[in-house]
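**Student:** Here is the input, now give the coordinates:
(chains A and B)
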Amino acid sequence: MSSVILEARDIRYRYPHGMEAIRGISFHVRRGEKVALVGPNGAGKSTLLFMFNGMLRPDSGVLLFDNVPIRYDRKSLLELRRKVGFVFQNPDRQIIAPTVYQDVAFGPTNLGLPEEQVRAAVEAALGAVGLAGFDRRPPHQLSSGEKKRVALAGVLAMDPDLLVLDEPTNALDPAGSEDIMELLDELLEEGKTVLISTHDVELAYPWADRVILLRGGEILKEDSPEVAFGDAGLVRKARLSVPVLLDLHRELERRGLSLPGKRPRTVLELVQAVERAPRGAGARPPCGIIHVCDVDVTGKETLAAWLSANDGISIGAMGTRAKQRAATEGLPLDFSSGVIDKCILKALNGRSSLILTVGGMVAQVERRVAGFREESGAAIEVRRLEEA
Amino acid sequence: MYEELLEDIAQRNGLREVNTSLKLAAALGGLLLCLVSTGYVAPLAIAVTLSLAILFFAKVDARTYAGLFIAPFLFALMSVSVIILLTGGPDPYWTWAPFSWLSFSITQASVNEGFFVFCRIIGGMSALIFIAVTTPMTDLFAVMRSWRIPEAVLDLAMVIYRIIFMIMDQLVQTYQSQSMRLGYSSFRESIGSFSTLCGSVFIASWDAGEDLVRAMDARCYAGRFAMLGETRPVEVKPLLVVIAFLLLSSLIVVLTGNITVIRGGP
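**Tutor:** Numbers count the residues shown, from 1 in each chain, chains lettered A, B, ... in the order given. This next block holds a predicted model:
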């Protein structure tokens, strides 16, 4: 297993009787990375994505998966498509079967798994996307967000290493988009690599580890989001817009506020930079505590008892299962998106908060807060509820 | 174009979680008993029982059910009146012979025969509607597989089922955009709009077909289609209800085979 999962070396593609859609692109994606392919309509994003699972074959150049050049015979393609899960832009076009179960089971069944394993894979995939119990529902009765999650589950059931999503939040409402992006973060925690295409800069900017700006079938820029989107001229050339946070940061700097540190990716980082900017020193209240609760481990009574002891605390939920748990137990959620940052903001104000989440995300909270502590020197403590 | 589809009713009905075979046994058993019965009482009783089951167990809205029933009901009335007029018999209550080769009459035998046929029709209809509103297509696919219907036919049926709803969406959208721009304001206009509607839906379904192949390939299609078998066990209570229904109906068939609407006679 190599650390580079996908690599393109000078690939070109021309549609039959048409224009050249991809004009010599080279890049690579590392394992466990979040990469966003950002570009305007017609930049060749979808064409490029279709090459990653062998649906299209480049006219020239080489694509390597796991350091092995992709081969286009039937057997190699099947293997490739198992490892590269592709989620189409329009879930209606991806969902083929008359019920949710049958659709999610489509991949595993065709891989030839025995029925019990198929059933287990489907249950796990539906559980992961928060659609447990939807087995018998026909897809045409689901909402767009639910359809998108069924499409994602159908791919997850094959246990791919690389997830490729074409415009994952297209046609979703803001809450639905948040849910999908959060789901992708959960999958990253499980060791998957995620590559998305989008023209939504606000979506790509805080999320991606690396951004590839694409225009007219060529790569304009490939770098970390704050650098790639930082070049206003380039961004304009790509028919995109500078993310609001970057824009604001630049405007503040122009007004003579010297903001330390790198360019902010989140509201928290911007606030932190502004707070640390030289000005009259004010006394800060002591930091609040961030409590983390793994809803898979903590029982209903424990949680209820804890909450009654800490009445009025702000509650945030990360991940679909945590949100479902909050809904079933009637817990009022103060935050459901950007939860960690909002809780850190609360803590900086001297207020404590509780984050409901699952499994690996607990560690993510701890890592994120530890990283912030190191960077800012603010003594924010993270406490697991189970240990209290 | 905004009508509730029968399939949507079936997906939400109160008997959704009852084992499919059990529901089919009740309805097909009822249908069979309607056919073997020689008297009108049994089909009538079956019609009433199944209708009550549809209204109170499956919780189908009474108005919806009436809407479903009205067309076959009217059809039954018309055919039955023809039967009553054309079936001959001794001792007519009323006759009319406009020509030497054509005569109408109402006799005791024709009324009995007509009413019997009428009860059979509504008995059979309620059995069929019972299946339609309690058992969604998606459940029937699983049953069809257990009946050894060829895989190819079944796979095709499932893909068609899925695509019907997508094409339906396309149809509604195109129709709306046409009628918003007065595409159906006159007869001439309607003909033109309707033909473009057909054309655009055809192209859309062609597109959908190509996407389908791509979607299947992207998920390693190798000629297999997953099936969700019956996961709902046969529960004791529904089983007893179905057995009781079929036994009682059979009993009525046997005991009331000779009863007619108008008895005795000269």
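**Student:** Contacts made by stretch B:173-191 with the rest, please.
**Tutor:** Residues from elsewhere that reach stretch B:173-191 (Cβ atoms under 8 Å, 6 or more residues apart in numbering or on different chains): B:1, B:192-193, B:196-197, B:200-201. Using the backbone N, CA and C atoms, a C-beta is placed for each residue, glycine as well.
**Student:** before we move on, what about stretch B:25-33?
**Tutor:** With contact meaning Cβ under 8 Å, 6+ apart, stretch B:25-33 is reached by B:42-43, B:46, B:49-50, B:53, B:123-124, B:126-128, B:130-131, B:134, B:242, B:245-246, B:249-250, B:253.
**Student:** let's see it at 6 Å
**Tutor:** For stretch B:25-33, the external contacting residues (Cβ atoms under 6 Å, 6 or more residues apart in numbering or on different chains) are B:46, B:50, B:124, B:127, B:130-131, B:242, B:246, B:249, B:253.
**Student:** returning to that earlier point: quickly check the contacts of stretch B:173-191 for the two that are furthest apart.
**Tutor:** For those, the maximum inter-member distance is 18.7 Å, found between B:Met1 and B:Gly192 (Cβ to Cβ).
**Student:** returning to what we had before: which of the contacts of stretch B:173-191 are buried?
**Tutor:** Buried residues within the contacts of stretch B:173-191, counting neighbours by 16 or more other Cβ atoms under 10 Å in any protein chain shown: B:193, B:197, B:200-201.
**Student:** Out of those, which sit inside strands?
**Tutor:** Residues of these located in strands (DSSP state E): none.
**Student:** For chain A, which residue gets nearest to chain B?
**Tutor:** In chain A, the residue that lies nearest chain B is A:Ala105 (3.3 Å; Cβ to the nearest Cβ).
**Student:** OK, contacts around that residue?
**Tutor:** By Cβ under 6 Å, 6+ apart, the contact set of A:Ala105 is A:118, A:122, B:226.
**Student:** coming back round to it: could the contacts of stretch B:25-33 go into JSON lines alongside pLDDT?
**Tutor:** What follows is the contacts of stretch B:25-33, written out as JSON lines (pLDDT from 0 to 100):
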{"residue": "B:Ile46", "pLDDT": "93"}
{"residue": "B:Leu50", "pLDDT": "93"}
{"residue": "B:Gly124", "pLDDT": "93"}
{"residue": "B:Ala127", "pLDDT": "94"}
{"residue": "B:Phe130", "pLDDT": "93"}
{"residue": "B:Ile131", "pLDDT": "92"}
{"residue": "B:Val242", "pLDDT": "91"}
{"residue": "B:Leu246", "pLDDT": "92"}
{"residue": "B:Ser249", "pLDDT": "91"}
{"residue": "B:Val253", "pLDDT": "88"}
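**Student:** Would you check which pair of those lies furthest apart?
**Tutor:** Farthest pair in the contacts of stretch B:25-33 (Cβ to Cβ) is B:Ile131 and B:Val253. Separation: 20.4 Å.
**Student:** what sits up against the worst-scoring helix or strand of chain A on mean pLDDT?
**Tutor:** For chain A, counting by mean pLDDT, DSSP states H and E, helix A:267-276 ranks last in confidence among helices and strands (a mean of 81). For helix A:267-276, contacts defined as Cβ under 6 Å, 6+ apart pick out A:245, A:259-261, A:264, A:341, A:344-345, A:376.
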